Structure formats: structure tokens, C-alpha cells
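Student: Please find the sequence and the predicted model below.
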Amino acid sequence: MKKKFLILITFFSISLLPAFANAAVQTGLEVNGKTSFGSFTDYMANVFKFSLKAGSVLTIIMVIFAGYKYLTSQGNPTALNEAKDIIAGSLSGFILMLVIFFILRVLNIPAF
């Protein structure tokens, strides 16, 4: 049930990104000193930069949460394994995000 909910939330948040960007342009909000995006590449670069920042913050929060869960598990093997899985999942997601970032840097994608 949780996976279906997370997939649904992810789908809707990704599908609403262009609407939020369009609203920012129409209201005159500035993004990186610009009031509009020059191209789709600029738009995706801004989305990716935001994703890097949000992913970094979420990784730190999840590692702290899993550490707390690990410390308060009182030797319960189920809780210990769940905390270890949370740490492994959050760190592997962060590493994947960094690998994507370095691939884009090596390929010299504009605006990255």
C-alpha cells in the first residue's frame, strides 16, 4: 500500500512541475535571476538542481531517522534490519543521484 501511494505522489508531483514553473513565470517570480526559462534544457537543469538539493536534505533526514530507530530498537532484530534497510536505501539513492550528476558533468550537458 505504501509503495502504491509513493508512486502516485511521485507521478503527480512530476506532472505538476511544468504548471508550477509556468505559474512562477506568469507571476514574475525569479528563478536563478531569470523570470522565464530559455529552453527545455534550462528548465530541466533547474529541476535537477532542485532535486539534488532536496535529495541531499532527505538523505540526511532519513539517515538520522534510521539511526534513531536503530538506537531505540533494543535489540529487536526486525527493527534493526528495518533501520539498516532504511540507511542502505537512502545512501544508495544518494549515490545514484551523484552518479547521474557526474555523468551529466562528464557529458558536458549545457547548464549543468
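Tutor: It's in.
Student: only C-alpha atoms for contact and neighbour calcs from this point on.
Tutor: OK.
Student: report the longest helix in this structure, please.
Tutor: When the chain is parsed with DSSP state H, its longest helix is helix 40-71.
Student: average pLDDT for it?
Tutor: What helix 40-71 shows for mean pLDDT is 87.
Student: Check stretch 91-98 too.
Tutor: The model assigns stretch 91-98 a mean pLDDT of 92.
Student: So which bits of that stretch are buried?
Tutor: 91, 94, 97 (16 or more other C-alpha atoms under 10 Å).
Student: And stretch 71-83, by the same measure?
Tutor: 73, 79-80, 83.
Student: got it, and stretch 43-52?
Tutor: Using 16+ other C-alpha under 10 Å as the burial criterion, the residues of stretch 43-52 that qualify are 43, 45-46, 52.
Student: Of the residues you listed, which is the nearest to F102?
Tutor: Among the buried residues of stretch 43-52, L52 lies closest to F102 (C-alpha to C-alpha), at 11.9 Å.
Student: for the helix or strand encompassing L98, packing partners?
Tutor: Element membership of L98, judged by DSSP states H and E, is helix 77-106. For helix 77-106, the elements it packs on are helix 40-71, judged by 3 or more C-alpha pairs under 8 Å, 6 or more residues apart in numbering; DSSP states H and E.
Student: and the angle from the helix it packs on to helix 77-106?
Tutor: Angle of helix 40-71 versus helix 77-106, following axes from the mean of the first three to the mean of the last three C-alpha atoms, to 10 degrees, is 160 degrees.
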